[in-house]
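**Q** Dropping the sequence and predicted coords here.
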Amino acid sequence: MQTLKRVTGVMFPVILFSLLALCLLSLSRLSLTIWQADHVTGWQDWFMILAQGVRIDISTLCWLLILPSLLLALMPVKGVLGRCWLFVFRIWLVAGLWVLVYMELATPTFITEYNLRPNRLFIEYLVYPKEVFSMLWVGYKAELALGLLGTLLTLVLGWKLSGYAVQDLTAPKWYWRPVLALAVVALGVMGARSTFQHRPLNPAMVAFSTDPLLNDLTLNSAYSVIFAAKNMASEKNAEEFYGQMPLEEIIQTVRQASGREAEFFSDEIPTLNTISPTFSGKKNLVILLQESLGARFVGGLGGLPLTPNLDQLMQEGWNFTQVYATGTRSVRGIEAMTTGFTPTPSRAVVKLSKSQTGFYTIADLLARQGYHTQFIYGGESHFDNMKSFFLGNGFEEIVDLPNFVNPKFVGSWGASDQDLYTMADLQFTKLHQTGQPFFSLVFTSSNHSPYEFPDGEIELYEQPEHTRNNAVKYSDKALGEFFAKAKQSDYWKDTIFIVIADHDARAEGNVPVPVDRFHIPALILGSSIQPRQDDRLASNIDMAPTLLSLIGADNTSPMIGHDLTKPLAPEYQRAMMQFDKNFGYLTRDKLVVLQPGKAPMGYQYNFDSKQLSVTEVSEPESKRALAHALLGGKLYREGRYKLPDASEHQLANAD
């Protein structure tokens with residue numbers, strides 16, 4: 001150690017902490033890869049993960065240490081000023097080391113939940129410390145303890161090590177300091193960029209696999225989160241990920257792919273179209289959005305035997321067996337169900353600045369047609385910016401946790417599903433008595449980590465009690481109790497209900513878009529709905545047009561989803577899925593996947609075995625997928641996803 005200190009001189013603390021950080025990050029990466037070894041297919045994967053991982057780590061450390069290294073080269077290290085500077089320098093070193101260590105300690109839990117390293121979701125959750133800390137305290141005490149222990153050890157041992165590192169430092173002669181400073185900057189910039197290409201190092205440069213988790217293991221978690229924060233700040237457009245296409249060509253391609261090209265009529269709102277309702281009259285509409293209820297948890301869809309009540313209801317209503325979510329987060333499901341908006345690699349429009357007012361939602365559409373519109377949620381509606389988005393776009397009333405009186409059970413995410421459905425029944429009864437039609441979005445939360453629900457409500461499927469499978473059983477029981485009550489109510493005969501998931505619990509797999517983890521239940525119920533099993537391929541963006549048709553609502557809107565009350569040929573059936581930065585366009589015969597900086601990939605998807613096999617992808621298929629991937633971002637940025645003004649509406653009716 002003394003030899004290294006003598007050779008490296010004043011740069012010894014930087015070299016020492018860099019070597020320590022490289023060892024710790026490599027050890028973490030190796031441990032994570034061993035843990036996820038079932039994703040690794042050969043020695044090439046190991047080499048790419050570990051070798052490219054060191055490259056990422058060096059880049060991370062260069063970004064972290066280039067400024068203090070420059071100052072270390074120029075500043076004195078003796079006297080009062082030197083002691084003050086070295087104190088600040090030690091804080092910088094230890095704090096940087098702690099961030100790197102803590103993020104690696106948090107990684108296994110994040111991978112377990114999302115099958116990826118911490119990314120933009122990690123940042124988005126930090127905005128809600130109350131809910132997140134409550135969730136962690138209830139369901140992740142061991143992880144919290146490990147994080148606290150790791151923090152204490154890193155801070156204590158790191159501070160001691162930094163004291164040793166700066167002890168007896170000798171600054172170079174004054175005429176060598178500018179030379180050393182230039183060398184530090186040059187090496188730091190080269191290490192940070194890690195390439196002589198136009199763009200510096202980024203995750204796409206070290207991506208080597210079709211398995212997103214393997215590509216993420218190459219990174220370190222601090223780098224992953226910082227890169228996500230940078231992208232969030234700039235909100236990259238899909239064009240930067242997938243390529244360019246003029247808006248006119250996008251619109252033409254999307255219209256042709258809809259199977260009803262002649263029904264689009266506006267230049268100002270390019271996707272504006274009118275769908276005539278199949279029901280003559282006016283019914284209420286209730287969307288029961290189920291948290292994290294993937295098809296693999298639903299017995300009636302071939303999943304685990306956890307949903308006997310939903311399985312029974314599937315025999316009583318219009319059951320869709322091949323519906324796929326647009327994303328992997330609740331805000332993406334809310335986006336699809338309330339706006340019909342196509343998914344993008346950016347954040348869901350619920351959270352974007354330009355969509356907080358004047359953005360199309362079915363609530364705004366129905367409010368203009370005399371409906372009372374409301375959102376019912378057992379938690380705090382400010383979470384994920386839901387309250388702001390809803391109130392700015394047509395929802396007249398928010399009913400959330402502060403409105404619940406003496407709830408039976410309140411967990412980390414709010415009142416239990418039983419309390420939620422009790423409140424929903426009270427609201428529907430009250431609204432029905434007014435004679436005004438209503439639309440209500442009801443969002444459950446019990447099936448969310450840490451899976452809290454009232455004791456003794458269900459016969460447990462497994463031990464321990466608070467697991468996802470048990471939470472699914474509890475949520476299903478609450479759903480069954482609600483419909484048993486609803487069928488006896490006065491509002492039942494005048495209401496159309498849909499039970500649909502926002503997304504599956506966890507998207508994972510060794511392919512860029514794991515289609516089977518986007519498969520969700522979708523069931524329409526009501527006194528006028530006849531039992532039916534529908535195996536057409538669809539997405540949750542198709543549900544809003546279908547529901548509007550069933551309740552007799554005028555539907556002149558920018559939604560491109562299909563009205564499934566009408567025939568739909570197989571060649572026009574499709575689903576769109578956004579999996580982190582990857583976009584999937586699924587048809588009956590092919591999945592086309594778009595990835596940042598890569599050529600489109602084609603897969604055959606077997607809907608029975610749920611297996612993907614690589615195949616060729618044609619130019620028209622690539623173009624169709626690209627058009628749909630770019631559509632949402634283009635319309636959002638130009639403010640062209642909205643309801644028409646009076647003149648546009650009159651034109652639609654005249655046509």
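**A** Thanks, I have it.
**Q** Quick check: the gap between S622 and M245.
**A** 11 Å (C-beta to C-beta, to the nearest Å). Quick note: C-beta positions are derived from backbone N, CA and C, even for glycine.
**Q** And for R536?
**A** 28 Å.
**Q** Need the three-state assignment for I269.
**A** coil (DSSP: H, G, I helix; E, B strand; the rest coil).
**Q** That one reaches P644, doesn't it?
**A** Yes - between I269 and P644 there is a contact at 6.0 Å, judged by C-beta atoms under 8 Å.
**Q** contacting residues for the residue lying closest to A471 once chain neighbours are set aside?
**A** For A471, ignoring the flanking residues on the chain, the nearest one in space by C-beta to C-beta, 6 or more residues apart in numbering is Y451 at 3.8 Å. Contacts for Y451 (C-beta atoms under 8 Å, 6 or more residues apart in numbering) come out as G139, H466, T467, R468, N470, A471.
**Q** Tell me how many other residues surround the third one.
**A** In this case it means T467. Here the count is done by other C-beta atoms under 10 Å, and T467 has 17 residues near it.
**Q** For it, give me the backbone phi and psi.
**A** phi -120, psi 170 (degrees, to the nearest 10).
**Q** From S416, how far off is the closest residue to it other than its chain neighbours?
**A** Spatial nearest neighbour of T467, chain neighbours left out: Y451 (5.9 Å); criterion: C-beta to C-beta, 6+ apart. To S416, Y451 is 11 Å away according to C-beta to C-beta.
**Q** Distance check, F482 against Q290.
**A** 12 Å.
**Q** Can you classify the nearest residue to V513 once chain neighbours are set aside as helix, strand or coil?
**A** Setting aside the residues directly before and after it, V513 is nearest to G584 in space (C-beta to C-beta, 6+ apart), at 3.5 Å. Here G584 is recorded as strand under three-state DSSP.
**Q** and G584, how far is that from W98?
**A** On the measure of C-beta to C-beta, G584 and W98 end up 38 Å apart.
**Q** C-terminal to the helix or strand where N470 lies, what's the next element?
**A** Here N470, judged by DSSP states H and E, is contained in helix 468-486. Next helix or strand after helix 468-486 toward the C-terminus (DSSP H and E): strand 495-501.
**Q** List the buried residues in that next one.
**A** For strand 495-501, a neighbour-count test (16 or more other C-beta atoms under 10 Å) marks T495, I496, F497, I498, V499, I500, A501 as buried.
**Q** Tell me which residues are up against that strand.
**A** Looking at strand 495-501 with C-beta under 8 Å, 6+ apart, the contacting residues turn out to be 283-294, 310, 313, 323, 325, 333, 337, 428, 479, 483, 486, 520-526, 528-529, 540, 543, 547, 550-551.
**Q** What subset of the residues you listed is buried?
**A** Buried members of the contacts of strand 495-501, counted by 16+ other C-beta under 10 Å: 283-294, 310, 313, 323, 325, 333, 337, 428, 479, 483, 486, 520-526, 529, 540, 543, 547, 550-551.
**Q** In helices, which of these fall?
**A** L310, L313, G333, M337, F428, L479, F483, A486, M543, L547, L550 (DSSP state H).
**Q** Tell me where the stretch 501-650 of the chain is predicted with low confidence.
**A** 646-650 (pLDDT under 70).
**Q** Quick one: the strands in it, in order.
**A** 519-525, 532-534, 538-539, 555-557, 574-579, 582-587, 591-594, 601-605, 612-615 (DSSP state E, counting those that start in this stretch).
**Q** what does the last one contact?
**A** Read that as strand 612-615. In contact with strand 612-615 (C-beta under 8 Å, 6+ apart) are residues V511, V515, K590, L591, M601, G602, Y603, Q604, Y605, N606.
**Q** swap the cut-off to 10 Å and go again
**A** Applying C-beta atoms under 10 Å, 6 or more residues apart in numbering, the set of residues contacting strand 612-615 from outside is 210, 509-516, 589-591, 593, 601-606.
**Q** before we move on, back to that, quick one: the ones in helices among the buried ones among the contacts of strand 495-501 as CSV, columns for distance to L301 too.
**A** CSV is the format used below for those (distance: C-beta to C-beta, whole Å):
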residue, distance to L301
L310, 9
L313, 13
G333, 17
M337, 19
F428, 27
L479, 15
F483, 18
A486, 22
M543, 16
L547, 20
L550, 22
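**Q** Go through those and name the one nearest K173.
**A** G333 (64.3 Å; C-beta to C-beta).
**Q** Count the residues that sit near the residue nearest to that closest one when sequence neighbours are not counted.
**A** Leaving aside its sequence neighbours, G333 sits nearest to D502 (C-beta to C-beta, 6+ apart; 2.7 Å). If you count neighbours by other C-beta under 10 Å, D502 ends up with 26.
**Q** ok, now L70?
**A** 16.
**Q** How about the contacts made by it?
**A** L70 neighbours (C-beta under 10 Å, 6+ apart): L180, A181, L182, V184, V185, G188.
**Q** coming back round to it: considering the contacts of Y451, which possesses the most neighbours?
**A** A471 (30 neighbours).
**Q** Find the nearest non-adjacent residue to L201, please.
**A** Counting by C-beta to C-beta, 6+ apart, the residue nearest L201 is S194, at 3.9 Å.
**Q** re the thing from before, for the residue nearest to A471, helix, strand, or coil?
**A** coil.
**Q** that older thread, any chance of a markdown table for the contacts of Y451, columns distance to N119 and pLDDT?
**A** Converted to a markdown table, these look like this (distance: C-beta to C-beta, whole Å; pLDDT from 0 to 100):
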| residue | distance to N119 | pLDDT |
| --- | --- | --- |
| G139 | 20 | 82 |
| H466 | 26 | 92 |
| T467 | 25 | 95 |
| R468 | 21 | 95 |
| N470 | 28 | 97 |
| A471 | 24 | 97 |
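**Q** These: which two are farthest apart?
**A** Maximum distance among the contacts of Y451 (C-beta to C-beta): 12.5 Å, for G139 and N470.
**Q** How much space separates R55 from R517?
**A** 30 Å.
**Q** for A599, same thing?
**A** From A599 to R517 the distance is 24 Å (C-beta to C-beta).
**Q** And S346, by the same measure?
**A** 21 Å.
**Q** of these two, who's got more company?
**A** Between S346 and R517, counting by other C-beta under 10 Å, R517 is the more crowded of the two (24 against 21).
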